[in-house]
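Undergrad: Build the 3D model from these lines:
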Amino acid sequence: MGEQFKDKVVIVTGGSRGLGRAMSLGFAREGAQVVVASRKIATCEEVVSLIESEGGQALAHAAHMGEVADLDALIDAAYARFGRVDILVNNAGTNVALGPLSDIGTAAFDKMVDVNLKGPWYLASRLAPRMAEHGGGCVINLLSVAALSTPAYSGIYAATKAALKALTEVMAQEWAQWNIRVNALAPGSYHSDLTDGAIESIPGYGDGMVAAALIPRIAETEEILNPVFYLASESYTTGITLVADGGLMAKR
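TA: The predicted model follows:
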């Protein structure tokens with residue numbers, strides 16, 4: 001077990017699967033106390049059990065990013081258990097509106113906005129004043145390279161992530177006075193439940209992702225920890241979007 005984040009309390013939304021699971025475990029293995037949040041309590045508890053088996057401390061909490069009452073309860077639960085929150089990783093997201101804009105219904109649009117934009121805004125904005133009371137903290141909003149170079153047929157997803165990028169920059173400006181750093185991370189292709197499922201079900205999908213990047217491979221899930229840990233620990237960086245995409249954007 002490391003000590004890079006010893007005595008820090010971290011909330012990871014979408015923290016029980018894929019990249020979020022890797023972050024929950026990674027922070028815990030570096031000494032943090034981790035609140036693992038996602039919609040399904042059972043998967044959160046599985047991650048917490050693993051953390052505790054390795055000697056760490058963690059809390060499982062069910063929360064839907066589109067339900068503000070869930071997010072209020074998540075903050076309260078974190079403070080009740082650990083007394084503070086130092087780092088928030090807004091990782092949870094969804095892409096239920098994949099396809100041509102003319103085919104997307106309003107229900108899918110609303111769900112994308114609720115989970116990808118409203119939820120991260122609400123959770124961070126209600127948590128920030130409480131972070132300020134104990135000296136500040138750090139917020140990391142997970143985007144996607146789609147926020148920076150919008151692909152066809154992912155328009156609503158890209159729009160919500162681009163809007164979250166804009167909110168990240170506003171958060172950084174408004175909360176610097178509270179010693180809260182706010183940054184965004186835009187990953188490219190990483191192995192996850194979502195990515196691996198698409199590779200299995202869509203012919204040529206994986207090959208296309210590999211060919212699109214300068215580094216011709218899909219990153220391992222745990223490789224997300226390097227950029228996340230940088231943003232969580234670097235003390236003079238705020239208001240940026242860090243791109244970790246194997247050179248995909250450069251190649252475009």
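
Undergrad: Looks to me like Val89 is in a strand.
TA: Yes: counting by DSSP: H, G, I helix; E, B strand; the rest coil, Val89 is part of a strand.

Undergrad: Tell me what it is bridged to.
TA: Under DSSP bridges, the beta-bridge partners of Val89 are Val12, Ile140.

Undergrad: what about the closest residue to Asn226 other than its chain neighbours, distance to Ala166?
TA: Residue nearest to Asn226 in three dimensions, not counting chain neighbours: Ala244, with 7.7 Å by Cβ to Cβ, 6 or more residues apart in numbering. In short, each C-beta sits where N, CA and C put it, glycine included. Distance of Ala244 to Ala166, given as Cβ to Cβ, to the nearest Å: 20 Å.

Undergrad: neighbour-wise, which of those two wins?
TA: Set side by side, Ala244 and Ala166 show more neighbours around Ala244, with 18 against 12, by other Cβ atoms under 10 Å.

Undergrad: What about that one? Give its phi and psi, please.
TA: phi -130, psi 80 (degrees, to the nearest 10).

Undergrad: contacting residues for it?
TA: Under the criterion of Cβ atoms under 8 Å, 6 or more residues apart in numbering, the contact list for Ala244 reads 185-188, 219, 223-224, 226-227.

Undergrad: mind checking how far it is from Ile224?
TA: Distance, Ala244 to Ile224, by Cβ to Cβ: 7 Å.

Undergrad: ditto for Tyr157
TA: Taking Cβ to Cβ as the criterion, Tyr157 is separated from Ile224 by 19 Å.

Undergrad: Also Leu148?
TA: Leu148 sits 17 Å away from Ile224, taking Cβ to Cβ as the criterion.

Undergrad: Please say which of the two ends up with more neighbours.
TA: Counted by other Cβ under 10 Å, Leu148 and Ile224 do not tie: Ile224 has more neighbours, with 24 against 18.
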